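>>> attaching a predicted model along with its sequence, questions to come.
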Amino acid sequence: MIADETIDRVRREARIVAIVGERVKLTQRGRSHLGLCPFHKEKTPSFNVNEERGFYHCFGCSASGDAIKFLREMDGLSFVEAVRYIAERQGIEILETGSEDERREYAEARRRRDELFAIGDVAAQYFEKMLRAHPFAHYAVAELRRRGLDPALREGPVAEALSAFRIGYAPYGWDGFVRHAKESGASLRAAEAVGLVVPRKKGPGHYDRFRHRLMFAILDLEGKIVGFSGRSLEEPSAEDLRAASIEAMGASGEPPAKYLNSPESPVYKKREAVFGLFQARQSVRREERAVLVEGNFDVVSLHARGVTNAVAPLGTAFTVEQAMQLKRYAPRVTLFFDGDSAGKRAARAAREPCREAGLEVSVASPPDGKDPDELVRDGGKEAIVRLVKAARSMLEYLIDSTLEGASPGDAQGLGTRIRAAFELIKAEEDPAVRALAERHADSIAERLGIGDARTLAALASVVQRAVAGNPRATSGAAMPAPPERARSRSRRDDIGLEVFGALLDFPELLETPEVLEAAGAIDGDAALSIAALRQSPGLVGNPEQLLAKLPRPIHSFAAARLAAPRHPTMDDARAELLLNVEKLKRLELSRHKFEVIEELARVQASGDFDREMALLKEQARRARESRGL
């Protein structure tokens, strides 16, 4: 475990503007820096980053936190990973807790893990070099060019996509990478652990797992290479083999698998990995949507044409774990699978993982036989964007798929399909989606060629029964009542917040007579917050800990003020403080006046003349004080 003193030092010394500025374009505005929020889509900048407090806050979506939280939310790092990232960046020595044996064991486990990441980078560099230099690389280049991804381009979106996905070539032959690893001093043990090389069945040594394949690197959410996916290529001709003085490897009698992926390892779990999510993560956040396609080439091809929120599962059906990874970055996903029967099956299978992860899911429908790679090559980014915008909800897509091909003349087949469609409605858990499905009865009937009112009414009745059949929701249930309106804050509450805000801007004002004078007239959350600030004024430099001491209802106000102080100088803050103290005095006089009037009414009714005169004298005295007399 990392020692608390290291974590505290990391929080103090983290250069949050530099860290955020590498991911968000920031412009200095007063005491803060301003940019477009990376956590939601916006056109007008509302994302504030404050260097002196080490804190950020978005006025649009209320996202806020320190540098550690930013890295966790933005890059998907764990708390420990974020702390280590900042510590290494700032040159801060990391102190570990625990016994000497525990620290030694942890250090060794980390060394081995880093070794696995290192061999992945060695392999990626080798494959990239082979794409440029190997005599058989033209087979890989030809496949890329066929897809409109010419590796000869040195700049532009195509070059950027090929570089971002570390596209390379695994050479023809048995031991090209094995020899390279030995020559470069890389660990063959680590290469075997991540599946780059395979031990020979007879005799010592290893051979390459990936041979004569176009290579795609698989990156984790920190940008570290955890595996590879290799696409098969056309076999070299006998003439090419002779010219390169390379012996044929020999055919097994079966064509090679189209894609070969790295096996699971300590750093790579197939069920969790989402191909392209590291490259797409900022775009997915910005668009608040991921576009999930089927294959590696689909992802790279879409990124090269500007659809940079495209991702894909890797060699598996879409899993709950992958859905959860996407949910960290966006609330919605559009399934954009191939238009063939396999693509339709994959879309159906993705329903449950998306539901479990809480993703709002829609389905884009490409023309039959077309995949996203072909569509974007033919129609550019606009063709993809148009289909994504036209995507249907998952339930509507499933109903349409179920009823597809139904014939009004086949009564038995039609009945089976209708029952299947309404079973889908019955299984839907979202009340809003189910209500929409109920209203789709007429469109379903029209799709089936049912035109008479009696049949349509019967169909609507089936829908009604299907919806009512789910015990968790009924078609007649009223929509949940909107939450009660929050009680309006009084003027005193608002003034108290302004006083507290000025103190957040300049905690040095806490001990001034004006604050002491105002403190007695402030109550509620603002009073509690001022008390907490007076108790620990140094926590202004540690916003996360300060917020933990403040009442929950005031967090949003405090986070915004910490990230974007209103007052540029202490004199400005003091002036507002004095102004608000005067407002509080007037409010106090006004409150007392009404209390006196009520009391006068009571004593007049009781006939207590002496008490009435005393109240009038007290009111006159206060009136003279308010005029400075």
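Happy to help now that I have it.
>>> for Gly501, give me its contacts.
Gly501 sits next to 557, 561, 566 when contact means CB atoms under 8 Å, 6 or more residues apart in numbering. For every residue, glycine as well, the C-beta is placed using N, CA and C.
>>> ok, it to Ser46 distance?
Remark: distance between Gly501 and Ser46 (CB to CB, to the nearest Å) = 18 Å.
>>> can you tell me which of the contacts of Gly501 has the most neighbours?
Using other CB atoms under 10 Å as the neighbour test, these are led by Arg561, with 24 neighbours.
>>> residues of the strand or helix carrying that residue that come out buried?
Per DSSP states H and E, Arg561 falls inside helix 555-563. By neighbour count with 16 or more other CB atoms under 10 Å, helix 555-563 contains the buried residues 555, 557-563.
>>> so how many other residues sit close to Val376?
Using other CB under 10 Å, Val376 has 26 neighbouring residues.
>>> now do Ala531
12.
>>> tell me the secondary structure at it.
Secondary structure, DSSP: H, G, I helix; E, B strand; the rest coil: Ala531 is helix.
>>> for Ser401, same thing?
helix.
>>> nearest residue to it in space, please, no chain neighbours.
Lys344 (6.2 Å; CB to CB, 6 or more residues apart in numbering).
>>> secondary structure element for that neighbour?
helix 341-349.
>>> next SSE after that helix?
Following helix 341-349 in sequence, per DSSP H and E, is helix 351-357.
>>> restricting to C-alpha, output that next one in PDB.
What follows is helix 351-357, C-alpha atoms only, in PDB (Å, rounded to 0.1, in the frame of the first residue of the first chain):
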ATOM      1  CA  ARG A 351     -29.000  -6.800 -25.300                       C
ATOM      2  CA  GLU A 352     -28.500  -8.500 -22.000                       C
ATOM      3  CA  PRO A 353     -24.900  -7.200 -21.300                       C
ATOM      4  CA  CYS A 354     -26.000  -3.700 -22.100                       C
ATOM      5  CA  ARG A 355     -29.000  -4.000 -19.800                       C
ATOM      6  CA  GLU A 356     -26.900  -5.300 -16.900                       C
ATOM      7  CA  ALA A 357     -24.400  -2.500 -17.400                       C
END
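>>> where do the helices sit along the stretch 451-600 of the chain?
Using DSSP state H, counting those that start in this stretch, the helices of the stretch 451-600 of the chain run over 453-468, 491-505, 513-519, 524-535, 543-549, 555-563, 570-606.
>>> rank those helices by pLDDT, which is bottom?
Mean pLDDT is lowest for helix 453-468 among these, at a mean of 52.
>>> pull the helix or strand with minimum mean pLDDT from the chain.
Here the helix or strand of the chain ranked lowest by mean pLDDT, DSSP states H and E is helix 453-468, holding a mean of 52.
>>> make JSON lines out of the contacts of Gly501 and add distance to Ser184.
Shown next, in JSON lines, are the contacts of Gly501 (distance: CB to CB, whole Å):
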{"residue": "Phe557", "distance to Ser184": "56"}
{"residue": "Arg561", "distance to Ser184": "54"}
{"residue": "Arg566", "distance to Ser184": "57"}
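>>> can you count the residues close to the residue nearest to Ser401?
Around Lys344 there are 19 residues (other CB under 10 Å).
>>> and if you look at Asp150?
13.
>>> pretty sure it is touching Pro157, no?
No: proximity of Asp150 to Pro157 does not meet the contact threshold set by CB atoms under 8 Å, at 11.9 Å.
>>> would you map the helices across the stretch 51-200 of the chain?
Under DSSP H, counting those that start in this stretch, the stretch 51-200 of the chain gives helices at 67-75, 79-90, 100-133, 137-146, 157-164, 176-184, 188-193.
>>> residue ranges with poor pLDDT in this structure?
250-253, 404-419, 421-422, 425-490, 517-520, 588-601, 603-604, 607, 609-613, 615-629 (pLDDT under 70).
>>> which residues touch the closest residue to Gly168 other than its chain neighbours?
In this structure, Gly168 finds its nearest non-sequential neighbour in Phe127, 2.7 Å apart by CB to CB, 6+ apart. Counting by CB under 8 Å, 6+ apart, Phe127 makes contact with 166, 168-170, 215, 217, 228.
>>> before I go, just wanted to say thanks for your time.
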